[in-house]
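1. how would this look folded up:
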Amino acid sequence: MGTPHNSAAMGDIAKTVLLPGDPLRAKFIAEHFLEAPKQFNAVRNMFGYTGTYKGKEVSVMGTGMGCASIGIYSYELIHFFGVENLIRIGSCGATQENVRLGDIIMAAGASTDSNYAHQYNLPGSFSAVASYPLLRRAVETAEKYGYPYQVGNVLSSDVFYNETEEWKIWAKMGILAVEMESFALYCNAARAGVNALGIFTVSDSLISHEEMSAKEREQGFTNMMTVALEASLEL
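-> Numbering: from 1, shown residues only. Predicted structure coming up:
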């Protein structure tokens, strides 16, 4: 069975999948957060694993960078492997002064400069939003543990090294942070009628040019993982 990008068989992947961009991060999550993880994919070194968290089956798989890459992997997970809940986890760059390093950003919506939604031939602009049940559970978890968090709109940009500072224009519309994948994930999920949410740790600020230290990144990542995994328990 499998696909050109995923060698798993039906049943190898849980209904809930965490999606970091870095496949080595997926490996780290499987080894440090999941019990009895088993690898189901290594095609193109895009590692995927399934294990349990507090008795519940959960999978984790890398997606690569950008809307095009996560678009492929999330589509296959949904349509070929029956995944119903997809939680993107990663880092982001703050675009607002009140967004601090280490904050957890939960993307209620994702704006974009990508043309990903062109494929749907919509007669207007699509608002890509998270699944509210997932978002609510993530917020409740952050509240429970006292983690600093913000909920709002993020920018899923196709450009990492930008010739201009377009983020400043997006910031005027209340965009909290910049990342690169959530818009495509939200589109795929909406079209298929499944659940999706993007959760991020603020690792740097485009305003102050501050960056988290290695130790701060580790702690922020752990907090984000706790939010994602605890939210998945109720699914």
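
2. Would you mind naming the residues that bridge with the residue nearest the centre of the chain?
-> For the chain, the residue nearest the mean C-alpha position is R88 (1.6 Å; Cα atoms, centre = their mean). Under DSSP bridges, the beta-bridge partners of R88 are L19, G198.

3. So it sits against A189, correct?
-> No - at 10.2 Å, R88 does not count as touching A189 under the criterion of Cβ atoms under 8 Å. Glycine gets a C-beta too; all of them are placed from N, C-alpha and C.

4. quick one: the helices in the protein?
-> 23-33, 67-81, 132-145, 167-171, 182-192, 214-232 (DSSP state H).

5. Now render these as a markdown table, adding mean pLDDT and distance to S125.
-> Converted to a markdown table, those look like this (pLDDT from 0 to 100; distance: least, Cβ to Cβ, whole Å):
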| stretch | mean pLDDT | distance to S125 |
| --- | --- | --- |
| helix 23-33 | 95 | 32 |
| helix 67-81 | 98 | 16 |
| helix 132-145 | 97 | 21 |
| helix 167-171 | 98 | 14 |
| helix 182-192 | 98 | 12 |
| helix 214-232 | 89 | 29 |
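
6. Is E57 in contact with P37, as I believe?
-> No - between E57 and P37 there is no contact under Cβ under 8 Å: 10.7 Å.

7. need the helices of the chain in JSON lines with distance to G198, can you?
-> Putting the helices of the chain into JSON lines (distance: least, Cβ to Cβ, whole Å) gives the following:
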{"stretch": "helix 23-33", "distance to G198": "15"}
{"stretch": "helix 67-81", "distance to G198": "10"}
{"stretch": "helix 132-145", "distance to G198": "10"}
{"stretch": "helix 167-171", "distance to G198": "16"}
{"stretch": "helix 182-192", "distance to G198": "4"}
{"stretch": "helix 214-232", "distance to G198": "10"}
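
8. from these, which stretch is densest packed?
-> helix 182-192 (a mean of 25; mean count of other Cβ atoms under 10 Å).

9. returning to that earlier point: between E57 and P37, who's got more neighbours?
-> Taking other Cβ atoms under 10 Å, E57 and P37 do not tie; P37 has more neighbours (20 against 14).

10. While we're on that one, how confident is the model there?
-> Note on P37: pLDDT of 98.
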